[in-house]
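Student: below is the structure, and that's it, no one-letter string:
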């Protein structure tokens, strides 16, 4: 089962969003068009547009309006990925060369700035100021989350709460507002947009925990980049934090992490990854992810029972599934 | 005469903008607060807020409303400077260490992203969607201008038109909309906001040409960074383009520029700067700047004769003045 199969009912609307994204990033600068289209073509799950469309089904569905929410959300997500790859010195993403690796850091920085700015020109076409506000607040939170990630690099003493706050800002909020704004843009009542926000937030948390698990448990083929990349750059994720609570593992894991740190990431993270995999950290992080999925499904229960709700349910179950 | 003396009538309103800027960039991340406040404290001419306030005098002046235009405009300007300094590998600006030099490129990238995002949260508090649209369009143009600058590095065959289009995007548009939005936010009639846009646009062009002249004709003390910085990074500005039209200079100047290029900026630009200064390029660029100032003043003539108009007139004359 691939996630795209869950999108079958939205195929033509998603294509329309895809076309608008490509049109939006077009400019009279060939270099910018090239970097932007490279990013678009690298694909992705398009989770944010999908959530916008499905949430729009709870209001007065209008593709024209929803496009002006979905396109900016996905473009902003893409812009942050380009900047992330600069921070993370990442050479590949989704099995493709990153912009910073195919071109360079500076071009990646401006490509991100450009896509980000273009995203705003699309959303500001909507007359609803609240949508502009919600989006700009979410971008601020994402920036804070990214800076927290830099701050917390190699911080093995950070708390689980700290990690959760960081991924909330970095990932979950944008997914939460994708659901919320799909409902708001189509004039759904507040109790519906609120429930959708809670759904998106909890799926987003589970999604990021799943992503962090995949980086430890997946293969280069399933991840699209070498496993253990997070650890090599100093990003201490939930399974690692839980593994550090494991007395049998802690000292050895600390030693491996400090070796990686001292070598500035040139030492392999294979041994550290092995230790985490052998610990209870994986199972504990999986349980945490499951708890978020359960909360997401509970939020769905309050919504009218329709095809969109069933679709959201299936996508949440998909996110919960382990692919390693 | 310092530019601050021209601001005397706005002193308390400008202070209120300054306070709001500091408040806006505050966050629960000490690192981000530190980098952002470092930028704020480095100062600057605050040309954009000043133009917003003075333009607001042609409508129903409201500091509360105008703050929500002025603060985002100045913050966006600051955010682009932080990212520029990454591109330009600039160690100092206004005599202060740049963020990328005091911290590093990555922190500078996220500081810019954060300030930029925070700017948007302020402007979206205004109910007028047109203001949001104008601002986001201007940001796109600025990104394009910056990318054009990268594209045109060391391109000695570029046309004057090419240079003008680039600085239009990079600099003049944000200054133009500072004037325009000050009028729009205070409900001035369209013919007033249009005239103010033309004023700002032409002052902005003259301002950037003046800045490019200063980089060639100023001293480290007056510029706040070593002279010839533009040339060393490959930024071919108007005086250089005109100098290249000078048959007596062209070949020697081309040779110097290619030496700088081949050494990737490690060769001094002193000889190239000397050649440009000895050419007719300086006078020609000054004439071009004067033509823009004349157009700016002409746009002012169509406005009601009041203190704000006189103040704008004085600031334009100040921008026209050579300080080298």
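Tutor: Perfect, thanks for sending it. Please read these numbers as outputs of a predicted model, since none were measured by experiment.
Student: quick check: residues of the stretch 151-300 of chain A near chain B?
Tutor: Residues of the stretch 151-300 of chain A lying near chain B by C-beta under 8 Å from any C-beta of the partner chain: residue A:151. Just so you know, the C-beta spots here come from the backbone N, C-alpha and C atoms, and that holds for glycine as well.
Student: so what's the closest residue to chain B within the stretch 151-300 of chain A up against?
Tutor: Residue of the stretch 151-300 of chain A nearest chain B, by C-beta to the nearest C-beta: residue A:151 (6.0 Å). Residue A:151 makes contact with B:29, B:31, according to C-beta atoms under 8 Å, 6 or more residues apart in numbering or on different chains.
Student: distance of it from residue B:103?
Tutor: 12 Å (C-beta to C-beta, to the nearest Å).
Student: okay, and the common contacts of the two?
Tutor: residue B:31.
Student: off-centre distance for the helix or strand where residue A:83 lies?
Tutor: Residue A:83 is part of helix A:63-87 when elements are defined by DSSP states H and E. For helix A:63-87, the separation from the chain centroid amounts to 11 Å (computed by C-alpha atoms, centre = their mean, to the nearest Å).
Student: just the buried positions in that helix, please.
Tutor: By neighbour count with 16 or more other C-beta atoms under 10 Å in any protein chain shown, helix A:63-87 contains the buried residues A:65-87.
Student: could you say what helices and strands it packs with?
Tutor: helix A:11-24, helix A:30-41, helix A:47-56, helix A:99-102, helix A:105-123, helix A:129-151, helix A:173-185, helix B:105-123 (3 or more C-beta pairs under 8 Å, 6 or more residues apart in numbering or on different chains; DSSP states H and E).
Student: same thing but at 6 Å, please
Tutor: helix A:11-24, helix A:47-56, helix A:99-102, helix A:105-123, helix A:173-185 (3 or more C-beta pairs under 6 Å, 6 or more residues apart in numbering or on different chains; DSSP states H and E).
Student: now render those as a markdown table, adding mean pLDDT and mean neighbour count.
Tutor: Putting these into a markdown table (pLDDT from 0 to 100; neighbours: other C-beta atoms under 10 Å in any protein chain shown) gives the following:
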| stretch | mean pLDDT | mean neighbour count |
| --- | --- | --- |
| helix A:11-24 | 96 | 16 |
| helix A:47-56 | 98 | 28 |
| helix A:99-102 | 85 | 21 |
| helix A:105-123 | 92 | 24 |
| helix A:173-185 | 98 | 28 |
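Student: using TSV, lay out the ones you listed together with distance to residue A:140.
Tutor: Formatted as TSV, these follow (distance: least, C-beta to C-beta, whole Å):
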stretch	distance to residue A:140
helix A:11-24	22
helix A:47-56	17
helix A:99-102	23
helix A:105-123	13
helix A:173-185	10
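Student: ok, and the helix or strand in chain A with the lowest average confidence?
Tutor: strand A:92-93 (a mean of 80; mean pLDDT, DSSP states H and E).
Student: skipping adjacent residues, who's closest to residue A:158 in space?
Tutor: residue A:152 (5.4 Å; C-beta to C-beta, 6 or more residues apart in numbering or on different chains).
Student: and that neighbour, how far is that from residue A:204?
Tutor: 19 Å.
Student: so the two - more neighbours on which side?
Tutor: residue A:204 (28 against 17; other C-beta atoms under 10 Å in any protein chain shown).
Student: give the buried residues for the helix or strand hosting the more buried one.
Tutor: Using DSSP H and E, residue A:204 sits in helix A:190-217. Neighbour counts over helix A:190-217 (16+ other C-beta under 10 Å) mark A:192-193, A:195-217 as buried.
Student: repeat for stretch A:146-162
Tutor: Those would be A:146, A:147, A:148, A:149, A:150, A:151, A:152, A:156, A:158, for stretch A:146-162 by 16+ other C-beta under 10 Å.
Student: pLDDT at the fifth one, what is it?
Tutor: We have a pLDDT of 87 for residue A:150.
Student: widest-spaced pair of the buried residues of stretch A:146-162?
Tutor: Greatest spacing in the buried residues of stretch A:146-162, by C-beta to C-beta: A:146 and A:156 (20.0 Å).
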